[in-house]
Each structure stands twice: as structure tokens, then as C-alpha cells.
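Trainee: 3D model of this:
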Amino acid sequence: MDYPRVVSLVALIAALFVGVAGCDAGNGTSSTSAPSPSPSPNDPLADQDNDLVGDEPGEPLVHQTGQEPTTVTIERPEGAQAVRFIVTCVPESYFTVTMGVWYSGYCGESIRHSGDLPFEPETAVGEQLEVTLDISPGVTYWLLGLPVE
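Mentor: Below is the predicted model:
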């Protein structure tokens, strides 16, 4: 084996490795960047310019964020005839909110629409009800439920 060819081959492999690793041979700094933060959906309660939320939305019955399908318990407040549900999420996803009846659609980073789910006439004030959000695991969401009089 010819010694100059071996040295040349080693130098070529080292140069290729440095290029693949993303290092700048001029100053030895890495050209890789830190991972960007994961995007998150807008909190619908913070979007009070949206007519679906309004200037004075009242006390939310549910206001939470997460990344897995969930079931929460709410109480029927006095004077409320329904609950207005708003879902925002990242990445875009299909969802279903169920409270006896259901509301579904596609959610995205900002508010697209809402669904009013009525209380059954026999549901007493203060009675607890289960609300289920069905959404793909790993999708970051905000679930907002506001009383509708």
C-alpha cells in the first residue's frame, strides 16, 4: 500500500466527515441551530376581539390545555341554557366535543368556529355533567366552555 495514498484517503474522509457534521472549518463553530420551540395554539379566552368570545365572556365552565383526549366535569350554572365550546389546536386536527349531544369540526392555531351544546331541560342548576374532548393524541389544544344564557 502506498503511504501518500493512505494519508490522502484519510484526509478526504476527515474532510467529508467535517462537512457532514455541519462544522465550519474556518472557525470551528457548529452550523446546527437549536430546535425551535413547538408552536402552541392561541388561548381562545385571550382572543376577546373575537365575537365568539366577546368582551365579557363570563366565568368559563372549562378552560384547559393539553395533548391527549380528555373528559372533564362541569356544573350547570344558574341561568345557562347551553355551553359554547371553542377549541384551538396545533397542528390542525379534527375534534369532537360531547356533552350528551356533540359538536365537531377542525381546529387550528386560532379560533375558527364554536358550537353551543344545550343543557337538557331536566338538568338541574349545579348538576354535574361530563364533557369529553376527542382529539388526536399529541395535538396541543385549548378547550374553552362558556355559559350561554
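Trainee: quick one: the strands in this protein?
Mentor: With DSSP state E as the definition, the chain shows strands at residue ranges 62-66, 70-75, 82-90, 93-99, 101-107, 115-118, 128-135, 140-148.
Trainee: Which one, of those strands, ends up nearest to residue 43?
Mentor: Shortest distance between residue 43 and the strands of the chain, using Cβ to Cβ, is found for strand 140-148: 5.3 Å. For every residue, glycine as well, the C-beta is placed using N, CA and C.
Trainee: Please report how far the nearest residue to residue 136 once chain neighbours are set aside lies from residue 106.
Mentor: Leaving aside its sequence neighbours, residue 136 sits nearest to residue 93 (Cβ to Cβ, 6 or more residues apart in numbering; 5.1 Å). When distance is defined by Cβ to Cβ, to the nearest Å, residue 93 is 7 Å away from residue 106.
Trainee: of these two, who's got more company?
Mentor: Residue environment comparison for residue 93 versus residue 106 gives the larger neighbour count to residue 93, 17 against 12, counting by other Cβ atoms under 10 Å.
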